[in-house]
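*Asks:* The sequence and its predicted three-dimensional model are supplied below.
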Amino acid sequence: MSWTDERVELLKKMWSEGQSASQIAKELGGVTRNAVIGKVHRLGLSNRSGGGAPQPAAAAPKAEAKAKPAPKREASPAPEPKPEPAPQAAAPAPSPARKAIIPAGQPLPPQPSANEISPEALAKVNEIEKKSKKLTLMELTERTCKWPVGDPATDDFWFCGLPTQQGKPYCDAHVGVAFQPMSSRRDRKR
């Protein structure tokens, strides 16, 4: 089906009379309701008024503009109810036991800190880092410790580079810091 001039004129006439897209499609034949709606929008006929369409359309924004200041004045009480929903939004957060997905922009739950790592493990890491090979990213292999040291944004950033523990990405000292026994993690949750 093609949109001939006659079909377009019939569409315009029926649309201005207020007939639905389904009724127009049925009258035209060989065209769907969605095709009629698409053509109406392409022709810019979305306003149902006939020849007086520009005037009511222009009058409507003025009426809306006059109506808008009143809601703006009423908007000052609106911020007061907003803080009330915020605690409700925070209420679902206390269920990290379910391993809930945290939406972007929300704070992460508390993470294990260096205080939770045994002092012996930290001392061992400090000694090992003095002996490390200080490799760059390009020098790492599957047999070198990939523990990052320093700030990646600076030139003083490197990887440990010592031989790894079998099946792990880190050396013995860094495995002791990165992988903690299950029982100690379980005790921390209580």
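*Replies:* Everything's here; your move.

*Asks:* Counting neighbours, what do you get for Thr136?
*Replies:* Applying other CB atoms under 10 Å, we find 10 residues neighbouring Thr136. For every residue, glycine as well, the C-beta is placed using N, CA and C.

*Asks:* Confirm for me that it is in contact with Phe159.
*Replies:* Yes: assessed by CB atoms under 8 Å, Thr136 is found in contact with Phe159 at 7.3 Å.

*Asks:* measure stretch 151-162 end to end?
*Replies:* 19 Å (CA to CA, to the nearest Å).

*Asks:* In it, which of the residues would be classed as buried?
*Replies:* For stretch 151-162, the neighbour count (16 or more other CB atoms under 10 Å) marks Trp158, Phe159, Cys160, Gly161, Leu162 as buried.

*Asks:* what's near enough to touch the second one?
*Replies:* Read it as Phe159. Counting by CB atoms under 8 Å, 6 or more residues apart in numbering, Phe159 touches Lys134, Leu135, Thr136, Leu137, Glu139, Leu140, Thr144, Cys145, Lys146, Trp147, Pro148, Val149.

*Asks:* Could you list which of the residues you listed belong to strands?
*Replies:* Among the contacts of Phe159, DSSP state E puts Pro148, Val149 in strands.

*Asks:* Which of the contacts of Phe159 ranks first by neighbour count?
*Replies:* Cys145 (25 neighbours).

*Asks:* Tell me the spacing between that residue and Lys124.
*Replies:* 13 Å (CB to CB, to the nearest Å).

*Asks:* Over to Glu6?
*Replies:* The gap separating Glu6 from Lys124 is 88 Å, by CB to CB.
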